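# from the sequence below, what's the structure:
(chains A, B and C, ligands or ions: 2)
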Amino acid sequence: MTLEIALQSVVSGLMFGGVIGLVAVGVSLIWGIMDLINFAYGEYLMWSMYLTFFLWAGLGIEPILTVPITAVVLFGAGVLTYRSVIRPVLRGPIFAQILSTFGLLVLLRYTAWLLFRPDDRQAQSALATSVVVLGGLRVSGGELVAFAGSLVATTALFAFLAYTKTGKALRALAQDREAALALGIEPDRLYALAWGLSTAAAGVAGALVSSFMYVNPLVGDVFLLPAFAAVALGGFGNVYGAVAGGLVIGVVNVTGGTLTMPKVKLALVYLVFVGVLFMRPKGLWGR
Amino acid sequence: MNRRLLVALAIVALAVISGTVLAQPKEVVIGVIVPLTGPAPGTGQDCKLGAEFGADLINGGVKAEGSGLLGAGWNGIPSLGGAKLKLVFADSQGSPEVGRAEAERLITTVKPSGTMGAWHSGVTVAIAPVIERYRIPHTTISTATELTQRGFQYLFRVGVNAHQGGEVLFQYLDWIGQQGKKWNKLGQLHEDTAAGVNFANAVEEMAKARGISVALRVPYSREQANMDSEILKLKSAGIDVLVQTSYTSDGIIIRKTMRKLDYAPALIFSQGGFDDDPKFYEAVGDDANFGSKRQLWSPALSSTKPILKAVNDEFKRRNGRDINDNSVRYITMIQVLADAMNRAKSVESQAIQKALVATDLKAEQVLLVHGVKFDAKHDNVLGKAMVAQIQERQPKIVFPPEAAVTKPVWPIPAWSTR
Amino acid sequence: MLLTVGDVHATYGRFDVLRGISVGVAAGEIVAVLGPNGAGKSTLLKAIAGFLPPRQGSIRLSDEEIAGLRPSALLRKGVVYVMQRSSVFPKLTILENLEMGAYIRPSSPEVKADIDRVLGLFPQLAGRRHQRAEGLSGGERRMLEIGRALLLHPKVLLLDEPTMGLAPLVADLIFEKILELRAAGTTVLMVEQNARLALEVSDRAYVLEQGQVRVEGRGQELLTSDAVRRAYLGGAAPR
Ligand SMILES: Nc1ncnc2c1ncn2[C@@H]1O[C@H](COP(=O)(O)OP(=O)(O)O)[C@@H](O)[C@H]1O
Ligand SMILES: [Mg+2]
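Ligands and ions are numbered 1, 2, ... in the order given. Okay, here's the model as predicted:
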């Protein structure tokens, strides 16, 4: 194992981790604001990837350029999901909430299965195959754009949460729902917005990864499972921690796999996940 | 009209009707379980086209008289009064669970006289006990070693097994050495289901028997978005002869990652799979070039056997593509089943099974490089392969020398020069 | 009466916590609600603030029925509620907490001016406006909560135990602020544990027991009434 290989694996891990981070941010947002785990989150990502694929296959749109479209469509899908599925169970027992997002998972996955069959499909992109070499370290154009896109999207979300009145209200709502209510902050509209933003993040991520990853009805798991680990690492519900968690998970995955055996890289991810839960139940950056 | 006349008429009518039924050539149903959707839909499509073409050959729709091919000039199965083959397809989706359920459904609903499939070794391993339980004569091209180790009576492997497929690699490496070309370390990269594991085991055994050590073995699970650590591992270990078993989507990611991380071994050798699927070529374009694979058929071969060229031309006219390793094996499996039924003079499963055991098809009678003759375990003793290298996005036979249409490019050129 | 609660019954599910309560608050008054733990004092404020719609009875603001309205609607009518427990947003800065106080008001220069005014009212907060609220002491949190409420220019301010858990000096300070507010025209209905202090600053008071009004009267009268003293002021004679 040369230093060059090790460094390369870290760079590769960061590239991969950027995307995991964006997915984790989407999960973490809903978790943080509504105390709700959206098990169906990977399915939104999958649907975004299909959207990107068909925009590419039908209209010849470069995958990366579908970002605004997938973001808007998935935003709408999130709002719709909140209004039709989540709101009715929000006051119900936690069990009903978990069951409803599981139900969503099944519905979204098997609708895709019926419509698209379990075929792997992949948009072709010249950008994705181009290789960028910097000081001997190598990344593909597709990864670089996905990494940058993830950072831009998460930064935009951070800025929104930190600096806008609505963003602050979302955070206030997350911290103390009753106190927010007493100040006239109506949860319903904000929850819908949070769902829209969360699924829009899946929309962006879906378009970004489509240049280097194929889509099939099961592809959501490929991203969601590491993203869950990133969410835990970053502190449940801590949107900022989720990005950092994603980067760590990416490096653990690739560098860990390279240093030991690639076959165990997912196991390493879960080892870190369990280890952190054990030693710091609130996550590395949990507060 | 009196009563007696009425009865007489009725009897005549009945006789006419039943006579028609008797005179009508029967249909013989063959169930084909292939991955029509799922991770390898392109592959399943090739299998389907091959089976359909094979059935049409038997049914008299493909003109190949005088070719010596089994089924040429037939009009249905001769000994069964010209009974036509009817294919019923079932989609395994590339999944053992789905495959098993589909096999069960196919067998109980359409009651086929024979079945074939399921392409993916892992799926075939899953459906084999079902086939055996219902006693359905079954042919397969799956390579997993265990398929013929378990004493199945009704399963016959028409294609090569993992050892036969791997054998040619070592013959090729010997020959390459004789050409004065060098290599250092053999490593393996394979997906972790039956096909990948079995082939890797077989290669490892054969290597050991020849005193070659496998320097590194990297199994991986298929559903993942990032394969950098796999490639970095191989690159840092200095593996320059790489044996790779991948399906299409993972094969695409791997090839792209190889380019990205500038990993170009001297040889990439596969047992088919990703590099038989048109989608692989669509996705990686010229980056598909210079990979090598064990090859059972080549369009280029047909220039030496004119009749095969005519058959390939007809196939291409119908389907818009050349016969490839997948379609050719499904054509052959149809020939094998039809031949057995013809000799059995029956569609009764035990009779077909007995006939299959006695199969003796020469290389000239089938499109594959090898003929078909089963040993006690139902492996094809004639099974053997050639080595093809992908050049200009086509498999070109480079070994053995007597069949070669071109010289191998060795080593694979560095990515920076491509 | 500015605020009239008439025969209100309210329940958390099993049995009525408020059992026919009637309370009135005139414009400009400070009215205190006293009573033992669990009497239903907080529940009364919750019912008025829209957090627990009454099962029966009426709540009027001037002449308008407001029972069952949502908290946000009540805020717009000038009914502002500060709950018993601490309700600052711990991870938001003091300034952000105040901005959230003005959430229902469209952003404008007036809002900014109001926030500056509130910070002027509580100098301890002003210097730390960019710090998170989680670093504040109990008294400072109360000030922030009251400050937040002020941004809505309440007609009626509902305060639930504003001095609970505070050091006497701090509690005095809070009461001082409440008197200032009243002087500025705000009507106050507050629940207090510290009956003696509450009765001193309030115009009138109600004593609740088991969801019903037991005694009602002017603050000073109750302070000297034997019955009340024995029951709720620990029996000690007024100093
Ligand atoms: N959220 C609730 N759910 C059920 N019961 C409650 C709830 N809040 C208060 N109670 C009950 O209602 C009664 C009155 O409570 P509360 O109004 O808080 O009393 P206090 O006069 O001390 O403020 C108590 O018996 C209390 O246990
Ligand atoms: Mg109380």
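
# C-alpha from now on. contacts and neighbour counts both.
Noted.

# list the contacts of whatever residue of the stretch 1-150 of chain A ends up closest to chain C.
Residue nearest to chain C within the stretch 1-150 of chain A (Cα to the nearest Cα): residue A:32, separated by 12.6 Å. By Cα atoms under 8 Å, 6 or more residues apart in numbering or on different chains, the residues touching residue A:32 are A:174, A:236, A:237, A:238, A:239.

# wait, a strand at the second one?
No: the assignment for residue A:236 is coil, going by DSSP: H, G, I helix; E, B strand; the rest coil, so no strand is present there.

# would you report the backbone torsion angles of it?
The phi and psi values for residue A:236, taken as degrees, to the nearest 10, are phi -50, psi 120.

# quickly note the distance from it to residue A:25.
As judged by Cα to Cα, to the nearest Å, residue A:236 and residue A:25 stand 10 Å apart.

# and for the first one?
Distance of residue A:174 to residue A:25, given as Cα to Cα: 15 Å.

# the two: who's more crowded?
A count of neighbours by other Cα atoms under 10 Å in any protein chain shown puts residue A:25 above the other of residue A:174 and residue A:25, at 36 against 22.

# next, count neighbours for the closest residue to chain B within chain C.
As assessed by Cα to the nearest Cα, chain B sits closest to residue C:91 within chain C, at 36.4 Å. Neighbourhood size, residue C:91 [other Cα under 10 Å]: 17.

# residue C:176 too?
12.

# pLDDT value on it, please?
Looking at residue C:176, its pLDDT stands at 90.

# thinking again about what came up before, possible to save the contacts of residue A:32 as TSV with pLDDT?
Shown next, in TSV, are the contacts of residue A:32 (pLDDT from 0 to 100):
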residue	pLDDT
A:174	93
A:236	78
A:237	77
A:238	83
A:239	85
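
# nearest to chain C among these?
Distances from chain C to the contacts of residue A:32, taken as Cα to the nearest Cα, are shortest for residue A:174 (9.2 Å).

# could you check how far residue B:154 is from residue B:137?
Going from residue B:154 to residue B:137 by Cα to Cα gives 5 Å.

# give me the common contacts of the two.
B:131, B:353.

# re the thing from before, so what's the nearest residue to the residue of chain C closest to chain B once chain neighbours are set aside up against?
Ranked by Cα to Cα, 6 or more residues apart in numbering or on different chains and with sequence neighbours excluded, the top spatial neighbour of residue C:91 is residue C:132, at 5.6 Å. By Cα under 8 Å, 6+ apart, the residues touching residue C:132 are C:90, C:91, C:92, C:93, C:94.

# now the first one. Nearest residue, chain neighbours left out?
Okay, so that is residue C:90. residue C:134 (4.2 Å).

# what of the last one?
In space, and not counting its chain neighbours, residue C:94 is closest to residue C:129: 4.8 Å by Cα to Cα, 6+ apart.

# what is the burial count for that neighbour?
With other Cα under 10 Å as criterion, residue C:129 counts 16.

# can you pull the contacts of it?
Contacts of residue C:129 (Cα under 8 Å, 6+ apart): C:93, C:94, C:95.

# one more time with 10 Å
Contact analysis of residue C:129 by Cα atoms under 10 Å, 6 or more residues apart in numbering or on different chains lists C:93, C:94, C:95, C:96, C:97, C:98, C:119.

# also residue A:64?
Listed by Cα under 10 Å, 6+ apart, the contact partners of residue A:64 are A:52, A:56, A:125, A:127-128, A:142, A:145-146, A:149, A:204, A:206-211.

# cool, residue B:44 as well?
Neighbour list for residue B:44: B:33-38, B:50, B:91-94, B:117-120, B:277, B:326-327 [criterion: Cα under 10 Å, 6+ apart].

# please repeat the previous calculation with a cut-off of 6 Å.
Neighbour list for residue B:44: B:34, B:35, B:36 [criterion: Cα atoms under 6 Å, 6 or more residues apart in numbering or on different chains].

# out of those, who's nearest chain A?
Among the contacts of residue B:44, and counting by Cα to the nearest Cα, the member closest to chain A is residue B:36, at 8.5 Å.

# burial count for that closest one?
With other Cα under 10 Å as criterion, residue B:36 counts 24.

# go on, residue B:213?
Counted with other Cα under 10 Å, residues neighbouring residue B:213 total 15.

# ok, residue B:205 next?
By other Cα under 10 Å, neighbour count at residue B:205 equals 17.

# just say helix, strand or coil for it.
Following three-state DSSP, the label given to residue B:205 is helix.

# tell me how far it lies from chain A.
The gap separating residue B:205 from chain A is 21 Å, by Cα to the nearest Cα, to the nearest Å.

# residues contacting residue 29?
All of this is about chain A. Neighbours of residue A:29 in contact, by Cα under 6 Å, 6+ apart: residue A:239.

# please refer instead to chain B.
Residue B:29 neighbours (Cα under 6 Å, 6+ apart): B:85, B:86, B:87, B:112, B:113.

# so it sits in a helix?
No: read with three-state DSSP, residue B:29 is strand and lies in no helix.

# any weak-confidence spans in chain C?
C:227, C:230-239 (pLDDT under 70).

# what residues does it have near chain A?
C:71, C:72, C:87, C:89, C:101 (Cα under 6 Å from any Cα of the partner chain).

# how about these in JSON lines, adding neighbour count, distance to ligand 1 and secondary structure?
JSON lines is the format used below for the residues of chain C next to chain A (neighbours: other Cα atoms under 10 Å in any protein chain shown; distance: Cα to the nearest ligand atom, whole Å; DSSP: H, G, I helix; E, B strand; the rest coil):
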{"residue": "C:71", "neighbour count": "25", "distance to ligand 1": "17", "secondary structure": "helix"}
{"residue": "C:72", "neighbour count": "21", "distance to ligand 1": "20", "secondary structure": "helix"}
{"residue": "C:87", "neighbour count": "19", "distance to ligand 1": "16", "secondary structure": "coil"}
{"residue": "C:89", "neighbour count": "26", "distance to ligand 1": "21", "secondary structure": "coil"}
{"residue": "C:101", "neighbour count": "26", "distance to ligand 1": "24", "secondary structure": "helix"}
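
# lowest average confidence across helices and strands of chain A, where is it?
When the helices and strands of chain A are scored by mean pLDDT, DSSP states H and E, helix A:126-129 comes last with a mean of 82.

# neighbouring strands - and their directions - for the following helix or strand past it?
Sequence order places strand A:131-134 as the next helix or strand after helix A:126-129, per DSSP states H and E. According to DSSP bridges, strand A:131-134 has the following sheet partners: strand A:137-140 (antiparallel).

# related to what we said a few turns ago, name the helix or strand for the residue of the stretch 1-150 of chain A closest to chain C, please.
Assessed by DSSP H and E, residue A:32 sits inside helix A:3-34.

# what's the answer for residue C:58, then?
Under the assignment here (DSSP H and E), residue C:58 is part of strand C:56-61.

# would you map the strands across chain C?
Taking DSSP state E, the strands of chain C run over residues C:3-11, C:16-25, C:30-34, C:56-61, C:64-65, C:79-82, C:156-160, C:187-191, C:204-209, C:212-218.

# tell me what the third one is packed against?
When contacts are defined as 3 or more Cα pairs under 6 Å, 6 or more residues apart in numbering or on different chains; DSSP states H and E, strand C:30-34 sits against strand C:187-191, strand C:204-209.

# wondering if the shortest one reaches ligand 1 at all.
No: using Cα under 6 Å from any ligand atom, we find that strand C:187-191 stays clear of ligand 1, coming within 7.9 Å at best.

# neighbouring contacts of that strand?
Outside strand C:187-191, the residues within contact range by Cα under 6 Å, 6+ apart are C:27-33, C:156-161.

# next one: stretch B:149-166
By Cα under 6 Å, 6+ apart, stretch B:149-166 touches B:132, B:137-141, B:143, B:145, B:199, B:202-203, B:378-380, B:383-384.

# show me what contacts the closest residue to residue B:410 other than its chain neighbours?
Among residues not flanking residue B:410 along the chain, residue B:266 sits closest, at 6.2 Å (Cα to Cα, 6+ apart). By Cα under 6 Å, 6+ apart, residue B:266 lies in contact with B:240, B:241, B:411, B:412.

# burial count for residue A:114?
10.
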